[in-house]
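S.K.: I would like to see how this sequence folds:
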Amino acid sequence: MPKKNKWSPIPNSNVRHIWVCDTESCPKKAKKITVVPTFYAMSGTPVCEECEQDMVYIITEIADND
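M.R.: This is a model prediction of the structure:
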C-alpha cells in the first residue's frame, strides 16, 4: 500500500514561483522572474516586461529554514 502524504502548512513567505518568458522573438527569453504565491491569485499570469506576452510557469520552490 502506498505511503500517504503528510501535509503541513507553509507560510507564503517561504514559497516562491518561478516564471520565464518563452516567446522566441523576445530579447529577454529565458530570463526568470520570481513571484510570491499571492501574486498569481491577485494578478494572474505574470507578463513579460519586454514583449508583453504571458510568461510560462516553471517551478515552485520552498525555503529550507533548518
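S.K.: what segments of this structure are helices?
M.R.: Applying DSSP state H to the chain gives helices spanning 37-43.
S.K.: low-confidence ranges in it?
M.R.: Along the chain, the model assigns pLDDT under 70 to residues 28-30, 66.
S.K.: can you rerun that using 50?
M.R.: Of all residues in the chain, none has pLDDT under 50.
S.K.: all strands in it, in order from the N-terminus.
M.R.: Ranges of strands in the chain, per DSSP state E, are 15-20, 32-35, 56-62.
S.K.: what residue lies at the spatial centre of this protein?
M.R.: residue 17 (2.1 Å; C-alpha atoms, centre = their mean).
S.K.: so that one touches residue 62, yeah?
M.R.: No: applying C-beta atoms under 8 Å as the test, residue 17 and residue 62 come out as separate, 10.7 Å apart. From N, CA and C alone the C-beta is placed, and that goes for glycine too.
S.K.: which residues are in contact with both of those two?
M.R.: Common contact partners of residue 17 and residue 62 (C-beta atoms under 8 Å, 6 or more residues apart in numbering): none.
S.K.: including distance to residue 3, could the strands of the chain go into TSV?
M.R.: Listed next are the strands of the chain as TSV, based on distance: least, C-beta to C-beta, whole Å:
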stretch	distance to residue 3
strand 15-20	24
strand 32-35	32
strand 56-62	20
